[in-house]
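[1] Please work out how this folds:
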Amino acid sequence: MPPLDDQELEAALRDADSPAWSVRAAAGRRLAMSDRIDEVTDVLHRLLLDARDTGVVQETAVALLEREDTIGLRCVLLARSHASETWTAAEIQATLDCDPAWMVTEGADRLIERYRALATDQDPGVRDEVQRLLARLRPRAEWARDSEPGPVSGT
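    This next block holds a predicted model:
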């Protein structure tokens, strides 16, 4: 996605306050892909915790993960740590769990590397989320061993 110019950034920030969920979701996607993400993290955080529609949460979280960088992942993890509504937390968790990067070894390795980098983040919420996610992962040697074909028992 090309960088947002000042007018496009202002429009996306305005759209983030729209009463229409689809407009807020589109704003979340545009802001998430912005090369000026540091300037809009507070708005992204608000969209990730949108109390009116989980569609906004999901669209914003997916766009942040599609960046395939640590800052996008950190935004999603921070929001997950602050989610007080069950459905919001569940939507963010589902987006993290269903990240397509998990489907290939290289992508999973990159995600785990980013998780490990964020394990020492300055924010305790991010650190706690990372530790929770890492604890759910089994070592590759363990799942590789479990997926190897074993002896076929005869009848």
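
[2] Distance check, E39 against A108.
    Separation of E39 from A108 (C-beta to C-beta, to the nearest Å): 31 Å. To be clear about C-beta, it is placed using only N, CA and C from the backbone, and glycine gets the same treatment.

[3] Also V43?
    30 Å.

[4] In contact with the residue nearest the centre of the chain, which residues are there?
    Of all residues in the chain, the one closest to the mean position by C-alpha atoms, centre = their mean is V76, 4.0 Å from it. Applying C-beta atoms under 8 Å, 6 or more residues apart in numbering, we find V76 in contact with 48, 61, 64-65, 92, 95-96.

[5] Switch the residues you listed over to TSV; also include secondary structure.
    TSV is the format used below for the contacts of V76 (DSSP: H, G, I helix; E, B strand; the rest coil):
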residue	secondary structure
L48	helix
A61	helix
L64	helix
L65	helix
I92	helix
T95	helix
L96	helix
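
[6] Out of those, which is nearest to L9?
    L64 (16.4 Å; C-beta to C-beta).

[7] Can you tell me the closest non-neighbouring residue to that closest one?
    G72 (3.9 Å; C-beta to C-beta, 6 or more residues apart in numbering).

[8] cool, and D38?
    Closest to D38 by C-beta to C-beta, 6+ apart is I71, at 7.8 Å.

[9] any idea how far the residue nearest to the centre of the chain lies from T120?
    Counting by C-beta to C-beta - V76 and T120 are separated by 18 Å.

[10] Kindly report the same for D15.
    Counting by C-beta to C-beta - D15 and T120 are separated by 35 Å.

[11] Quick check on these two: which one has the bigger neighbour count.
    D15 (18 against 9; other C-beta atoms under 10 Å).

[12] In space, what's closest to the more buried one - neighbours in sequence excluded?
    A27 (3.7 Å).

[13] what about that neighbour, helix or strand, and which?
    helix 21-32 (DSSP states H and E).
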